[in-house]
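In: what would the 3D arrangement of this be:
(2 chains)
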Amino acid sequence: MSSSGAGAGSTDSTAARRNTKRPKYSKFTQQELPACKPILTPRAVISAFLLVSVVFVPVGVASLLASRKAVEIVYRYDSECIPKNVKNKVAYIQSSADKACSITLNVTKRMKSPIYIYYQLDNFYQNHRRYVKSRSDEQLRERSEENSTSTCKPEDMVNGKAIVPCGLIAWSLFNDTYSFSVNNRNLAVNKKGISWKSDRDHKFGKDVFPKNFQNSSIIGGASLNESIPLRDQEDLIVWMRTAALPTFRKLYGKIEEDLNEGQLINVTLKNNYNTYSFNGKKKLVLSTTTWLGGKNDFLGIAYLTVGGLCFFLALSFTVVYFVKPRQLGDPSYLSWNRNPGGH
Amino acid sequence: MKRYVYINDDESSHDLYCDNRISNRKYTVLNFIPKNLWEQFSRFMNQYFLLIACLQLWSLITPVNPASTWGPLIFIFAVSATKEAWDDYHRYLSDKKANEKEVWVVKNGIKKLIQAQDIHVGNIVWLRENDEVPCDLVLIGSSDPQGLCYIETAAMDGETDLKTRVIPSACMGIDVELLHKIKGVIECPTPDKDIRRFDANMRLFPPFIDNDICPLTIKNTVLQSCYLRNTEWACGVAVYTGNETKLGMSRGIPEPKLTAMDAMIDKLTGAIFVFQIVVVMVLGIAGNVWKDTEAKKQWYVLYPDKGPWYELLIIPLRFELLCSIMIPISIKVSLDLVKGLYAKFIDWDDQMVDLETSTPSNATNTAISEDLGQVEYILTDKTGTLTENKMIFRRCCISGIFYGNENGDALKDVELLHAVSSGSPDVVQFLTIMAICNTVIPTQSKTGDILYKAQSQDEDALVQAAARLHMVFFNKSGNILEVKFNNLILQYEVLETLEFTSDRKRMSLVLKDCQNGKILLLSKGADEAILPYARTGQQTRNFVEAVEQYAHLGLRTLCLAWRELREDEYREWSLMFKEANSTLVDREWRVAEVCQRIEHNLEVLGVTAIEDRLQDGVPETIETLRKAGINFWMLTGDKQNTAIQIALSCNFISPEPKGQLLSIDGKTEDEVRRSLERVLLTMRITTSEPKDVAFVIDGWALDFALNHYRKAFTELAILSRTAICCRVTPSQKAQLVQILKSCDYRTLAIGDGGNDVRMIQQADIGVGISGREGLQAARAADYSIGKFRFLKRLILVHGRYSYNRTAFLSQYSFYKSLLICFIQIFFSFISGVSGTSLFNSVSLMAYNVFYTSVPVLVSVLDKDLSEETVIQHPQILFYCQAGRLLNPSTFAGWFGRSLFHAIVVFLISIHAYAYDKSEMEEVSMVALSGCIWLQAFVVAMETNSFTILQHLAIWGNLAGFYAINWIFSALPASGMYTIMFRLCRQPSYWISIFLMTAAGMTPILAIKYFRFTYRPSKINTLQQAERLGGPIVSLGTIEPQPRPLIEKDVSTLSITQPKIRNPVYEPLLSDSPNATRRSAGTPFDFFQSQSRSSLPNYSRNCKDN
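Out: Below is the predicted model:
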C-alpha cells in the first residue's frame, strides 16, 4: 500500500475563530486530524504479495527441513498386545491377568539425545465437557482444600470421604508402562522433569498426598503411591494437562543417550489401559525435537502453499496490469458524467 | 358523562377532580427500578441476553463463568437506566417550575397569589398580559369593554397569529369588583383532547342574572399553555386542571425515532438469531446422538445409564450458551457511543456556526445521525428557512409611477422623497395607508424611540418604511390612531376593523378622519383581492404590470386602496356588520360577505413590493443536494406566485424549457380531481425525459387531494421530484410528511417557525432553523442549525460519514462475534459434540469488551473521501440513500469473511499444535491470538484514512492483547498461568500466527484489490482520483442528473412500483442496492381512461394565477 497525500490539514485562517458561544476549535473536533490515506495501487498490492511470497517460501523451506530433521518412531501396539486367542478384548483388559507384552522398534535414522518417549492415544476425548471440567484445582494445590470436590462429580467422594486427586481426569490416569533395552542392555528412562515446571511449583501441592484414590467400585486407570506428594507424581501432572484434540501424545519420559541407525530397541510394556471399549488406538512414539518441535510437516507445507499462492497472485495481477491497464480514478467511470441515455 | 363545575365554590369539587399539578414524569422514586427494568426488558435483544445470563447460572450447562455475561449486561442496563433517570429528573424539574409558578386566584372572595399547582376546578383565575394560562379556563371577564381578549396558541397548534376569545354573553357587563363574588355552575363534558371543541353550558346563580342557560363554545375558553396578549387582564373559571387539561390529554412523550439503519441492524440481528437457533438444533441433535452412540463407550466419561428427565435438553442448551456470543452484546453500547460522538461532531463543527448570531449547530437527538445520510425528501418551509425573513420595503408603484426601480430601494429614490416633501396627495394617502392600515401597535421606549409590535413581518416593514418617509405612526390609544406627518399630527378614529383572513386575502379599516370628520375605508391586500374591486373606470393595467414585474423579482406585493364612505352608507353597513358579527352559525362566512359589500369601488393607489431576501448560499445548497438525489418539496403558507418566484430564484425549479411546472388547482372537488389526473398523466409521460417537472398545488386543492384522492396524490408524490405547496396549514404540512413516509421514503423537514413544528416532529428527521420566528422549531427539532446552507454540510458530510461509519461498525461487530463463535462450533466437532468451550471465560469476555471493541471505535474518525470531494460530487450520497453499505448482501460478505477466517484459524491451530503440543490452554491461546491478529488487519484494511488515533487503537490494541495476557499468565491462580510466556518463546507460535494472518488476509486483499481496480464503485473511483492527485472533475462538467427512469410503460407502473430512483449504474458485485421498496399503492384504475389534453405549460400557469 502506498500512502499518498498526508493530511487534510486545515487551510482556514484562524483569524475569526475566537468567538464566545462558538465551539472550541481543535483538529479533533473538526475531524481534521492529519491522516494518511493509503489506496490499493497495483504497485503496492503486487509488491505486498511479492513480499509475502519472498518471506514465506524460505520460512516454509526451513520449517520443512526442520521437520524432516526430526526423527520419529511410531509403533501401534494396542491390537498386537492382546493375545490372539482372546475374543473379548474389553474383558481381557479389565481382568487381572498379566498383560505384559514385548515389541521391537527399529531405529531408521540416528537419533540424538534427548529422545522423548510419548504415548499416543487416538479417539480419546480428553476435551469432552464432562471430562474436562471434572477436576478441582484448589484441591490439587492446597492440602486444606481437600474437601472442595464439588466440581469433580461423579468421582468426588467415596464412602463419604473426599478422593484426592478427585475427578474423572485423575481417575482415568493412563497406566501402561514401558521399559526399553538395546542389545539386552537396559535404556535408562528419565521420568523426572517431564511435566511443566510451573505445574509442579504452583498447581500441584507438595504437601498434598493421594487419598482414597481408586477406591470406588469401578477402577479407572492407574493407582497412585499415597506416600508421594502430588507435585512429584509427574505422570499425573502430565495427564492432567488435558489435550485439546482427540488424538494426542503425552510425554512418558526421556532417553538421554543417542541411538544409532539400525539399532533394535526391545520394549517390554504392560498393556493395562482400556482403549478397546471405544476402539481407541495406542501408540508408542520415540521422537527427537528441533527448534520447531517434533516432526510436523504442516507448517512447512502451509507456508510454501501460501507463499506460492501469493507469488501466483502477484504474477497474475502483474500480467493483468500490463495486458489490461486501467487508469485509476478515471472520471469517465463516474456514470453521472456519462450521457444520461447510456443505460 | 358530564362534569359540573361550581364557580367559586371552594369545597364541592376539591375531592372530585385533581388539582393542577402537571406531571410529565415517567417514573417515581419508588417505581423507577421495576418500571425501567420492565421497559428495558420489553426489547427483544434484552430479553435474549437476560435469558442467556440466567441459563448461565446453571452450572451443568454453562461453558463459561456466568460473570462473562452478567457483567456486560448489568453495565448496559445501568447505562440506559441512568440516562432515563437523568431525563426524567429534568422533566421533573421543568414540571416543578410550571407547578410552582405563582398565579392570582380568588380564594374565599379575596384575590390571592398561589402556586399554579394549587388551582382547583371552579377557582377563578386572573391573568395579566403575557401571562401563560395555567389550566383550561372558561372566560368570565376581560379588560376589553366588548369582552374580547387575545391569545397566542403557538405552543398548542403552532399558529403564531393571535386569536380572539370572547366572554360568554351571560357574563357581559359584570362589574370587575363583582367578578370575585360570581357564583354559578358550568356543565361541561369530561376531559378530552379535542382542542377545537368545547360544548358546555353555564348558568349563573342569582343575583347576577336570572336563571338563563348560556351556551359555551371553544371561543369562550382559554386553554392551558396559551399566552394572553394585547389584553390588560382577563379572568376565567378553571374547568380542567392538571393532566386533565386539553393539552395534558393530548400530550405524550414523542415516539423515539428509529433510523433506517437501526431497523436494518435489527433485521440482521433477527436473521443471525434464526441462524443461531438452527445451529443449536443441529448441534444439539448431533450431540445427543453422539452421546447415545459414542459416549457410552467412552468409559472415562462415566455417563450414567439413566439421566434426569431434562437430559435431552442439556446439550442443546449448552450449545445455545456457547453460540450466544453470535449476537454481540456490545453492539448497542458501541453504537450509542459512536452516535453520541457523531452528534458531538455536529455540535463542534466550526463551519456550521452562524457567524451573525454566533449560534453553533446543535444535535438534540443524538441517535439519528445516520438517517441524515439517507435522506430522500427534504420538505422545506419558505419564509425564514430559504429566506432571511427580514422584510424590507424595496419598491413601490404609486399611481402608475414606479419608485425604486433604479437603485432597488424606494426609500432612497430621490423622486419619491421629492414627491413626499411636495405633498402630492396620492403619495400622502399611500403613505397613510402604509402607516395605519394594519394591526401594528406602536410603543414608545424609554429613550423616546418608537417600537412597533407587529404580528406580521410585512406590516412591520410597511410601517417602518412609512416612518422613514416621514409618516410616523406613533400612538394608538383605544380607537384613536395618531400619525405624525412632517410635524403635523393627524388623528384617526377606528370605527371598524375588517380582519385579514386567508380567504379574503385583504384587510380594511373603516375610520373617521378627526380633522375633517370624513369616513374613510382603507384597504390593503393581495392584487387578486384588490384590483377586481377597483372603481369602475380606473385603469388597473399599470398595477397589474407592476405586480407582475415585482413578482418576477421575487418580491412580495400588496396593493393599497381607499375610498371615502358616505355617512349613511357607513351607518347602514355598520348595522349589518354588527349583526353578522353576532351571528352564531357560519359567522366567518357572513362577516366576509358583509365586508364584501363595502370593499368595492376602491380607488387603487399603488403597489408596495417587499423583499424577503434569500439566505446566503440557498441556491447552491439546493442545487448540490438535488444532485445528491434528494428531492425537494417546498411547503409554504405564502401565495403561489411568490412561492414560484422564490422557487425559481433558488434553483428549486428550472425555468422553461428545461423545467415544466404543472399546476393543480380548482375550486371544487371535481375540478381538483380533473386537474390532478391531468398532472399525473403528464408526469407519467415525461418521466423518461430529462426534464425537471414539478407541480404546484395550493392548500385548498391539497385538502381535496389529501382527503379524497390520496392514492392518486401519493403516486404523484412518488413521480415528482419537486413540488411546491402554497397556502398550506401546519397540519397539512404534517400530512404531506406522512404521505411521503408512508411510501417508505426518508424525509427531512426543515423549518423555522411555530407552524413547522408539527411537520418537524412528524418527519424522520426534523431540522429547525434557529431564526427570527423564535426558537420553537429549533426546540422541537432533532437538529437545529443557524442557516439553511448548513444543511448541505449536515447531510453530505455528517450524515454520510455517520452512515458509512455505522455501516462498518455494526457489520464488524457481527463479524468478530461470528468469528469466535464459528471456532467454538468447529471445536465442538472434535470434542465429542459435548459443548466444550475452547476459550476460557476471561478470554471470551475480554475479546468482546477490550480486544475487539477498541479498534473499531476509532472508525468514527474514518473518512472514505475528503469533505471537499463529497461536496464536489454530491451524487456519491446515493450509496447511503440506497443503503449500499449495509444490507443483507454486504452482511453476507462479512458473514462469509468470518466463516473463512474461522476456518483458517481453526485448521492452522489444530494442525500446528497437534500431538504432543495439543494442550488445551495453548491451543486456545493460539486460536485467540489468530483472531486478534486477523481482526486488527481487517480493521486496518477497512480503514480509509489513518490518523494517529487509528494507529494507536489498532496496533496498540494488539500490543494490549499481549500485555493483558502476560499479566494473566503471571498470576499463578489463573488458569492460563505461564501459558503466554511459553507460547511467546516458541518459534512455532509466531510462525503459526503469521501463517494465519497471511492465509486469512491474502484472499481478502486480492478480492478487494480486484474490485477496487477493475470493478470500482464510484466511491473507489473518487478515492483514486482524490489520492493520486489526479484531476478531480470540477462541478461544471457534471451533467445535470438524469431524471429517474421509472417505467416506460405507464400501465404497469402502479402495480408494484419499486422505488427506483437509481441514477448511478452499478455493477452488482457485492454492494447490491437494496432499493426495492414497498409498492406505492394499488392500481389507479379510474385514471386509465382519460383524455390526453394538452397541458398548460409553466409560463401560462404563472399568468393563470
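In: and stretch B:487-496, which residues are buried?
Out: B:490, B:492, B:495-496 (16 or more other CB atoms under 10 Å in any protein chain shown). The way it works is simple: take the backbone N, C-alpha and C, and place the C-beta from them, glycine included.
In: in chain B, which helix or strand is least confident?
Out: Each helix and strand of chain B was given a mean pLDDT (mean pLDDT, DSSP states H and E); the minimum falls on helix B:1050-1053 at a mean of 32.
In: using CSV, list the CA coordinates for stretch B:735-755.
Out: The C-alpha trace of stretch B:735-755 is given here as CSV (Å, rounded to 0.1, in the frame of the first residue of the first chain):
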residue,chain,number,x,y,z
GLN,B,735,-49.9,15.2,6.4
LEU,B,736,-47.6,15.6,3.5
VAL,B,737,-44.7,14.3,5.5
GLN,B,738,-46.9,11.4,6.5
ILE,B,739,-47.7,10.6,2.8
LEU,B,740,-44.0,10.5,1.9
LYS,B,741,-43.2,8.5,4.9
SER,B,742,-45.9,6.0,4.1
CYS,B,743,-44.2,5.4,0.8
ASP,B,744,-41.1,4.5,2.8
TYR,B,745,-39.1,7.5,1.9
ARG,B,746,-36.7,9.0,4.4
THR,B,747,-37.9,12.5,4.9
LEU,B,748,-36.3,15.6,6.4
ALA,B,749,-38.4,18.5,7.3
ILE,B,750,-36.8,21.9,7.8
GLY,B,751,-38.5,25.0,9.1
ASP,B,752,-38.1,27.9,11.4
GLY,B,753,-41.5,28.8,12.8
GLY,B,754,-44.1,27.5,15.1
ASN,B,755,-46.2,26.4,12.1
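In: how far does that stretch sit from the chain's center?
Out: Stretch B:735-755 has its C-alpha centroid displaced from the chain centroid by 7 Å (CA atoms, centre = their mean, to the nearest Å).
In: same question for that stretch, mean pLDDT?
Out: If you average the pLDDT over stretch B:735-755, you get 87.
In: cool, and stretch B:344-351?
Out: For stretch B:344-351, the per-residue pLDDT averages 90.
In: wait, does it contact chain A?
Out: Yes. Shown here: stretch B:344-351 in contact with chain A (CB under 8 Å from any CB of the partner chain) through B:344-345, B:347-351.
In: do stretch B:709-725 as well
Out: No. With CB under 8 Å from any CB as the criterion, chain A is not reached by stretch B:709-725; the gap is at least 14.4 Å.
In: list the buried ones in that stretch?
Out: Residues of stretch B:709-725 classed as buried by neighbour count (16+ other CB under 10 Å): B:709, B:711-725.
In: return the subset of the residues you listed lying in strands.
Out: Per DSSP state E, strands hold the following members of the buried residues of stretch B:709-725: B:722-725.
In: just curious, which of those residues is nearest to chain A?
Out: Taking CB to the nearest CB as the measure, chain A lies nearest residue B:722 of those, at 17.6 Å.
In: SS state for the nearest residue in space to residue A:70 that is not next to it in sequence?
Out: Of all residues not flanking residue A:70 in the chain, residue A:295 sits nearest, at 4.2 Å (CB to CB, 6 or more residues apart in numbering or on different chains). The three-state label given to residue A:295 by DSSP: H, G, I helix; E, B strand; the rest coil is coil.
In: neighbours of residue A:295, just the number please.
Out: As a burial measure, residue A:295 scores 19 neighbours (other CB atoms under 10 Å in any protein chain shown).
In: I'd guessed it sits against residue A:71; true?
Out: Yes. Contact criterion CB atoms under 8 Å: residue A:295 and residue A:71 qualify, at 7.4 Å.
In: what is in contact with the two at once?
Out: With contacts defined as CB atoms under 8 Å, 6 or more residues apart in numbering or on different chains, the residues shared by residue A:295 and residue A:71 are residue A:287.
In: in strands, which of the buried residues of stretch B:487-496 fall?
Out: Those of the buried residues of stretch B:487-496 mapping onto strands are B:490, B:492, B:495-496, per DSSP E.
In: show me the helices in the stretch 451-600 of chain B, by range?
Out: Ranges of helices within the stretch 451-600 of chain B are B:457-468, B:527-530, B:541-552, B:567-581, B:587-598, based on DSSP state H, counting those that start in this stretch.
In: rewinding a little: and of the buried residues of stretch B:709-725, the nearest to chain A?
Out: residue B:721 (14.4 Å).
In: from chain B, how far off is the residue positioned nearest the centre of chain A?
Out: Nearest to the mean C-alpha position of chain A, counting by CA atoms, centre = their mean, stands residue A:244 at 7.3 Å. Separation of residue A:244 from chain B (CB to the nearest CB, to the nearest Å): 4 Å.
In: just to be sure, residue A:179 is in a strand?
Out: Yes. Per three-state DSSP, residue A:179 lies within a strand segment.
In: skipping its backbone neighbours, what lies nearest the residue of the stretch 501-650 of chain B found nearest chain A in space?
Out: Ranking the residues of the stretch 501-650 of chain B by distance to chain A (CB to the nearest CB) places residue B:627 first, at 8.1 Å. Leaving aside its chain neighbours, residue B:627 sits nearest to residue B:874 (4.6 Å; criterion: CB to CB, 6+ apart).
In: what about the one you found, how many residues nearby?
Out: 24.
In: now swap in the one 4 residues further on and tell me
Out: Using other CB under 10 Å, residue B:878 has 22 other residues around it.
In: mean confidence for the helix or strand that contains it?
Out: According to DSSP states H and E, residue B:878 maps onto helix B:878-881. Mean pLDDT, helix B:878-881: 88.
In: what is it packed up against?
Out: Secondary-structure packing of helix B:878-881 (3 or more CB pairs under 8 Å, 6 or more residues apart in numbering or on different chains; DSSP states H and E): helix B:800-829, helix B:1018-1027.
In: and the pLDDT at residue B:129?
Out: So, for residue B:129, pLDDT stands at 84.
In: that one touches residue B:228, doesn't it?
Out: Yes. At 5.9 Å, residue B:129 counts as touching residue B:228 under the criterion of CB under 8 Å.
In: quick one, which of these two is more surrounded?
Out: residue B:228 (22 against 15).
In: quick one: contacts for the more buried one?
Out: Per CB under 8 Å, 6+ apart, neighbours of residue B:228: B:127-131, B:133, B:149-151, B:222, B:234.
In: cool, thanks, talk later.
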